[in-house]
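Visitor: below are the sequence and a predicted model for it; my questions follow.
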Amino acid sequence: MPMEHDEIYLIDLWRILRREWRWFVAVAVVVVAAAVFFAQTARPRWEATAWIRPGQLGEAPGGLDPRIEPFQRVIERMDTREFQDAVLQDLGLSPRSAEAHLYRGSFDLEPSPYAGLLKLTLRGYSQQQAQRFVRVTFEHLQRVHEGLMAEPLELAQARLKQAEAQLRDATAERDRLRQALEGSRERQDLMLASMVLNSSNQEVRQLQQTVGDLKARLTASYSYQTTLAWPIYTPDHPVYPNRVLIWGAGLVLGFGLGLVAAVARNAARQARVAGGASTPALGAYAQGERGVGNR
């Protein structure tokens, strides 16, 4: 007895397509037309990218991160609903508007700890809107960081002023001792003044080093506000919709669904034909049963 199987070979598929080509073409045309219509009518979306350098204060205790906020805390802050709602308010957008939904849906942050940068990506319905989304988001973060940095920066500058005042006093005291040493004639006074002068010189050198370190740490290389590493970048073309990709996907999907429709139509036709062929035999069998019962 031959082994039955349900596989459909290519030749069988070809015969089905020749028989049910209208269904195949109809479904494929509908799907491809829907894909083309969507690609042509979809609202374009532009993408803007900015690299943010979180601010830092070089004057920080040893072993602590000199940044205003660690990277993870900055990301968590910007991902909160409160932060994004505040930015939308700065933009003058309603939280329920389409632009607000696009803002939240496209909000993306990628940290680059080794470079000390955060990559912010946002989308808008125009090139100018995408750039504005990024710029206002950055400016809001910058204001937040300015508030966090105000007190530590004030303390660092106060410490620098105090060290500079101590250095001036120590320098004046050293100069006074030096003049006293030059005017002294007694040996014992010379030895005592020399010891005091050496101690004063050491104190002056230490204070000079402290002032130099504080000034270096407060320079723009070590202490700075949150800034943009480079200007905001926006491509010259929208990133959505990708019409070539949509057309290709619609073509592949149309052929696939058209093939499925043709196979389904052929199976339904065969089932109907098989059902019609078995009906006369069932009628004759029923009549025979009724005849036997009458006898």
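Guide: Right, received. Where do you want to start?

Visitor: who's residue 227 bridged to?
Guide: When assigned by DSSP bridges, residue 227 has beta-bridge partners residue 53.

Visitor: looks like it contacts residue 50 (just checking).
Guide: No: Residue 227 lies out of contact with residue 50 (CB atoms under 8 Å); the separation is 10.5 Å. In short, each C-beta sits where N, CA and C put it, glycine included.

Visitor: quick one: which of those two has more around it?
Guide: residue 50 (23 against 14; other CB atoms under 10 Å).

Visitor: which of the helices or strands spans the more buried one?
Guide: According to DSSP states H and E, residue 50 maps onto strand 46-53.

Visitor: and if you look at residue 163?
Guide: Using DSSP H and E, residue 163 falls in helix 127-183.

Visitor: same check on residue 122?
Guide: strand 117-124.

Visitor: all helices in this structure, in order from the N-terminus.
Guide: 10-19, 21-41, 71-79, 81-91, 98-106, 127-183, 187-217, 243-294 (DSSP state H).

Visitor: right, so of those, which gets closest to residue 55?
Guide: Residue 55 sits nearest to helix 127-183 of all those, at 5.0 Å, using CB to CB.

Visitor: next, the angle helix 127-183 makes with the strand holding residue 122.
Guide: 150 degrees (axes from the mean of the first three to the mean of the last three CA atoms, to 10 degrees).

Visitor: strand 117-124: how far from the chain's middle?
Guide: Using CA atoms, centre = their mean, to the nearest Å, the distance from the centre of strand 117-124 to the centre of the chain it belongs to is 5 Å.

Visitor: swap in stretch 117-130?
Guide: From the chain centre to the centre of stretch 117-130 is a distance of 10 Å (CA atoms, centre = their mean).

Visitor: what pLDDT, on average, does it get?
Guide: Averaged across stretch 117-130, pLDDT comes to 94.

Visitor: now the end-to-end length of it.
Guide: From its first residue to its last, stretch 117-130 covers 20 Å (CA to CA, to the nearest Å).

Visitor: buried stuff in that stretch?
Guide: 117, 118, 120, 121, 122, 123, 124, 127, 129, 130 (16 or more other CB atoms under 10 Å).

Visitor: let me have those residues in CSV, extended by distance to residue 32.
Guide: Compiled in CSV, the buried residues of stretch 117-130 are given as follows (distance: CB to CB, whole Å):
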residue, distance to residue 32
117, 44
118, 42
120, 38
121, 32
122, 33
123, 27
124, 30
127, 30
129, 32
130, 31
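
Visitor: looking at those residues, spot the one nearest residue 83.
Guide: Among the buried residues of stretch 117-130, residue 120 lies closest to residue 83 (CB to CB), at 12.2 Å.

Visitor: mind listing what the nearest residue to the closest one once chain neighbours are set aside touches?
Guide: Leaving aside its sequence neighbours, residue 120 sits nearest to residue 50 (CB to CB, 6 or more residues apart in numbering; 4.9 Å). Counting by CB atoms under 8 Å, 6 or more residues apart in numbering, residue 50 makes contact with 119, 120, 134, 135, 138, 228, 230, 232, 233.
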